[in-house]
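# Here you go, sequence then predicted model.
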Amino acid sequence: DQQVKQNSPSLSVQEGRISILNCDYTNSMFDYFLWYKKYPAEGPTFLISISSIKDKNEDGRFTVFLNKSAKHLSLHIVPSQPGDSAVYFCAARGDFGNEKLTFGTGTRLTIIP
Amino acid sequence: KAGVTQTPRYLIKTRGQQVTLSCSPISGHRSVSWYQQTPGQGLQFLFEYFSETQRNKGNFPGRFSGRQFSNSRSEMNVSTLELGDSALYLCASSLATMRTDTQYFGPGTRLTVL
């Protein structure tokens, strides 16, 4: 039962353009969402997060949008840079008793110079 | 400050054997979590330890176990290995709780079961 889904296994974007990575979830008890980036041979690195009380959070070139009614979140990267090429994981967690991070299967982003 | 370290980085075992993986958290971090990453499955939560006690547990069989020592270092053990246990095992540490604190991941241990 995949409670966090990333339906696009891969995405290619031209350098300088916007990259949009999508994530859907099914568990309405999730109240905190995170994005992690992973390079080969390294562990995932925290990128940005958003609480369910917000619908948008920005950090430099990275913005995460949350649509609770649709149970959907997205990560926007503007402008995309070659160093952004990596696998991006969406993750979610809930309140006490449901604290563990539930990850999606990842989206491999390739930035084309 | 040194990051999360995991040893060994690579391991090859045969079916039926057991294996122990080690994780040293960031200095000062008291929560250690373990994840299994397999192709097509993403990262799946195994368990979390805090102050030498298992605080959260995922949906894995009892062959998967762990422990945490007084210095917050953690070990994960898998007994009676199966082919399906081949995966990247990731350890993550956080200050006190995975609920509110950012988790920092180690590079992982790549386990291959033949």
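That came through, no problem. Residues are numbered from 1 along each chain as shown, chains lettered A, B, ... in the order given.
# Residue B:81 contacts residue B:14, correct?
Yes: applying C-beta atoms under 8 Å, one finds residue B:81 in contact with residue B:14, separated by 7.3 Å. Yep, even glycine has a C-beta here, placed from its N, CA and C like the rest.
# residues near the closest residue to residue A:59 other than its chain neighbours, how many?
Spatial nearest neighbour of residue A:59, excluding adjacent residues (C-beta to C-beta, 6 or more residues apart in numbering or on different chains): residue A:48 at 5.0 Å. Residue A:48: 17 surrounding residues under other C-beta atoms under 10 Å in any protein chain shown.
# What helices and strands are in contact with the helix or strand where residue A:48 lies?
Here residue A:48 is covered by strand A:45-51, with elements defined by DSSP states H and E. Under the contact criterion of 3 or more C-beta pairs under 8 Å, 6 or more residues apart in numbering or on different chains; DSSP states H and E, strand A:45-51 touches strand A:30-38, strand A:56-59, strand A:62-67, strand A:72-77.
# Show the contacting residues for the most centrally placed residue in chain B.
Centroid check for chain B by C-alpha atoms, centre = their mean gives residue B:34 as the closest residue, at 3.1 Å. When contacts are counted by C-beta atoms under 8 Å, 6 or more residues apart in numbering or on different chains, residue B:34 touches B:23, B:45-48, B:66, B:74, B:76, B:89-92.
# OK, contacts around residue B:90?
Contacts for residue B:90 were tallied using C-beta under 8 Å, 6+ apart; they are A:43-44, B:6, B:34-37, B:43, B:105-106, B:108.
# Okay then, goodbye and thanks.
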